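Trainee: Provided below for reference: sequence and predicted model.
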Amino acid sequence: MKTIVSPSLLSANFIDLKSDIDMINRSEADWLHMDIMDGVFVPNISFGFPILEAVGKYCNKPMDVHFMIIHPENYIDQTAQTGAMMMNVHYEACTHLHRTIQQIHDSGMQAGVTLNPSTPVCMLEDILEDVDMVLLMSVNPGFGGQAFIEHTILKTRQLRQMIDSNNCKALIEIDGGVNSKTAPRLIEAGANVMVSGSYIFKAEHPEEKIHELKLL
Ligand code: DX5
Ligand code: ZN
């Protein structure tokens, strides 16, 4: 399958968000990645529902929402109402992950489970067949512009093997330090979706960076 590119809005220009969404709408981006943080699960706070709702109305790409919060289960209906296509919750933040995944599906969204860099992929053995996507963090979540953690390549290979040998449908998405150097290696290891923030939005010609990633 062709690689899916999901630019991360966290690195956009918030004083002129409309221009950045116009760029996304024009570009070859497949999805738009939105990072929600609570200052508890991660040591940072980003944006919340007012932004999600406004962007959801204006952006013509499906929203891939990444919740870095405790108790994401409390916000499932509110997220569905923004028109989000995919809700990603952290394995480390969900005590009753199976129920949360079911509730996300019941609300009409696709469900993704996210792993921090220190959580092994084997922890997904009993949930893999229920999810639409696994999001592997290739940096510690909370900030854009961090260096790629090399071990993610091995995790991607292990996860690809688990998915294929169990005939699961889950996509593999990678988030953190994705650029023209790391993306080809991740795709070769079996990843399907590239989230990329600073590499795209801090570039002089962001649409070209998206195009480059689409060619991989
Ligand atoms: C970090 C976020 C990422 C972030 C990636 O916690 O989940 O989506 O925007 O930024 P880059 O691509 O700059 O590493
Ligand atoms: Zn993210």
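Mentor: The structure has been received and is ready for your questions. Quick caveat: nothing in here was measured; it's all calculated off a predicted structure. Ligands and ions are numbered 1, 2, ... in the order given.
Trainee: From now on I want contacts and neighbour counts done on CA atoms only, so please keep to that.
Mentor: OK.
Trainee: Check which helix or strand residue 24 maps to.
Mentor: For residue 24, the host element (DSSP states H and E) is helix 17-26.
Trainee: residues of that helix that come out buried?
Mentor: 20-21, 23-25 (16 or more other C-alpha atoms under 10 Å).
Trainee: Name the residues of this protein found near ligand 1, please.
Mentor: By C-alpha under 6 Å from any ligand atom, the part of the chain that sits against ligand 1 consists of 8, 10, 35, 141-146, 175-178, 196-198.
Trainee: Considering those residues, which possesses the most neighbours?
Mentor: When neighbours are counted by other C-alpha atoms under 10 Å, residue 196 leads the residues of the chain next to ligand 1 with 29 neighbours.
Trainee: Could you give the bridge partners of that residue?
Mentor: Per DSSP bridges, the residues bridged to residue 196 are residue 7.
Trainee: That one contacts residue 11, correct?
Mentor: No. In this structure, residue 196 is not within contact of residue 11 by C-alpha atoms under 8 Å, at 9.0 Å.
Trainee: Just to be sure, residue 34 is in a strand?
Mentor: Yes. Secondary structure of residue 34, determined by DSSP: H, G, I helix; E, B strand; the rest coil: located in a strand.
Trainee: give me every residue that touches it.
Mentor: Shown in contact with residue 34 (C-alpha atoms under 8 Å, 6 or more residues apart in numbering): 8-10, 52, 63-66.
Trainee: same check, this time on residue 148
Mentor: Residue 148 touches 138-139, 176-178, 182, counting by C-alpha under 8 Å, 6+ apart.
Trainee: ditto for residue 173
Mentor: Neighbour list for residue 173: 133-136, 191-195 [criterion: C-alpha under 8 Å, 6+ apart].
Trainee: So which of the residues you listed sit within strands?
Mentor: 133-136, 193-195 (DSSP state E).
Trainee: Now which of the residues you listed would you call buried?
Mentor: Among the ones in strands among the contacts of residue 173, those classed as buried by 16+ other C-alpha under 10 Å are 133-136, 193-195.
Trainee: Can you tell me which of these is nearest ligand 1?
Mentor: residue 195 (6.3 Å; C-alpha to the nearest ligand atom).
Trainee: surely that closest one meets residue 172?
Mentor: No. Using C-alpha under 8 Å, residue 195 makes no contact with residue 172, being 10.8 Å away.
Trainee: Which residue ranges of this protein form strands?
Mentor: 4-7, 32-37, 63-68, 86-90, 110-115, 133-137, 171-175, 193-196.
Trainee: From the contact counts, what lies against the helix ranked longest in the chain?
Mentor: The single longest helix within the chain, with elements called by DSSP state H, is helix 152-165. Packing partners of helix 152-165 (3 or more C-alpha pairs under 8 Å, 6 or more residues apart in numbering; DSSP states H and E): strand 133-137, strand 171-175, helix 182-188.
Trainee: roughly how far out does the longest one sit from the chain middle?
Mentor: Using C-alpha atoms, centre = their mean, to the nearest Å, we find the averaged C-alpha position of helix 182-188 to lie 16 Å away from the chain's own average C-alpha position.
Trainee: From the rest of the structure, what touches that helix?
Mentor: So helix 182-188 is contacted by 3, 148, 153, 156, 174, 194, 213, 216 (C-alpha under 8 Å, 6+ apart).
Trainee: The first one too?
Mentor: Strand 133-137 has contacts (C-alpha under 8 Å, 6+ apart) with 88, 111-117, 152, 156, 170-176.
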